[in-house]
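K.L.:
Provide a 3D model corresponding to the input given below.
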Amino acid sequence: MASVLTPVYIVLTMALAAFLILSFYYTLTDQGYRYNIGWLLQDTSPYMWANLGIGLGISLSVVGAAWGIFTTGSSILGGGVKAPRIRTKNLVSIIFCEAVAIYGIIMAIVISNQETVFNPQKWSEAERYQLSSQNHHAGYSMFGAGLTVGFSNLFCGICVGIVGSGAALADAQNSSLFVKILIVEIFGSAIGLFGVIISILQVTHAKMGDK
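P.N.:
Purely as a prediction, here's the structure:
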């Protein structure tokens, strides 16, 4: 466990060091205004927020699916050595884990279809504030939707993987326990659907463009 966490600690330490270096640089060069969150939100392109949402949505979903398959698959293979009968019916746990990644793909497609091209040079002075607010709102909504579906599927994949692992080991000992634990696994897999539904609601009113 310690060997797994070591790279995480290294990454966190490097991120903290980079943050401190930038903080001192901005402070000493009289650029403290760059700490302003409003400056970051207003000057960052809505396209970046939207594509960050797409990337985080699919990548976190895939991590959750991979984590679940890794956890469940190792238990199925290990339990299958002593009880070969569990190998086939416990593949349903792998399917549940893979569905988590599919949820992420679906939302990535939905969010990417919401992106449209806009050109601020075409906006009149009267339209500038409204269209800028509209496009930034769309970018933030897509970013939030990506985070929602990504983290929901990440924890859903972990949940399904751990429960599926327990189902495989319990089935190896007593076959009557499989269906009972499978019900728990089905409820665990519903967490990912909740994330997809809320993400769709978040991007329903998101609208990019020059109109």
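
K.L.:
Find the centremost residue of the chain, please.
P.N.:
The centroid of the chain falls nearest to Gly150 when counting by CA atoms, centre = their mean (1.4 Å).

K.L.:
my guess is it meets Leu60, correct?
P.N.:
Yes - between Gly150 and Leu60 there is a contact under CB atoms under 8 Å: 3.1 Å. The way it works is simple: take the backbone N, C-alpha and C, and place the C-beta from them, glycine included.

K.L.:
hey, what's in contact with both of those two?
P.N.:
Counting by CB atoms under 8 Å, 6 or more residues apart in numbering, the contacts common to Gly150 and Leu60 are Gly104.

K.L.:
Need the pLDDT of Lys211.
P.N.:
pLDDT, Lys211: 67.

K.L.:
no, scratch that, I was asking about Met142
P.N.:
Note on Met142: pLDDT of 91.

K.L.:
any idea how far Gly53 is from Gly146?
P.N.:
3 Å (CB to CB, to the nearest Å).

K.L.:
and for the two, which residues touch both?
P.N.:
Common neighbours of Gly146 and Gly53 are listed as Ile111 (criterion: CB under 8 Å, 6+ apart).

K.L.:
which SSE is Ser61 in?
P.N.:
According to DSSP states H and E, Ser61 maps onto helix 46-82.

K.L.:
Could you list every helix and strand in contact with that helix?
P.N.:
helix 86-89, helix 91-114, helix 125-173, helix 177-203 (3 or more CB pairs under 8 Å, 6 or more residues apart in numbering; DSSP states H and E).

K.L.:
Can you find the helix or strand of the protein with the lowest average pLDDT?
P.N.:
Between all helices and strands in the chain, the lowest mean by mean pLDDT, DSSP states H and E belongs to helix 37-43, at a mean of 72.

K.L.:
remind me which residues of the chain are low pLDDT?
P.N.:
For the chain, applying pLDDT under 70 flags the ranges 1-8, 32-36, 120-121, 123-124, 126, 209-211.

K.L.:
hmm, 50 instead?
P.N.:
Where the chain drops to pLDDT under 50, the residues are 1-2, 4.

K.L.:
and Asn51, what does it touch?
P.N.:
Glu115.

K.L.:
let's number from 5 now, not from 1
P.N.:
From this message on, residue numbering opens at 5, which makes the last subject Asn55.

K.L.:
before we move on, the earlier item: the least confident helix or strand of the chain: how far from the chain's middle?
P.N.:
24 Å (CA atoms, centre = their mean, to the nearest Å).

K.L.:
Extract the C-alpha set from that helix and format it as CSV.
P.N.:
C-alpha atoms of helix 41-47 as CSV (Å, rounded to 0.1, in the frame of the first residue of the first chain):
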residue,chain,number,x,y,z
ILE,A,41,-10.6,34.1,-9.1
GLY,A,42,-12.8,36.4,-11.1
TRP,A,43,-9.8,37.2,-13.4
LEU,A,44,-9.3,33.5,-13.9
LEU,A,45,-12.9,32.8,-14.7
GLN,A,46,-13.4,35.7,-17.0
ASP,A,47,-10.2,35.5,-19.0
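
K.L.:
Show me what it is packed against.
P.N.:
helix 129-177.

K.L.:
tilt between the helix it packs on and helix 181-207?
P.N.:
For helix 129-177 against helix 181-207, the angle between stretch directions is 180 degrees (axes from the mean of the first three to the mean of the last three CA atoms, to 10 degrees).
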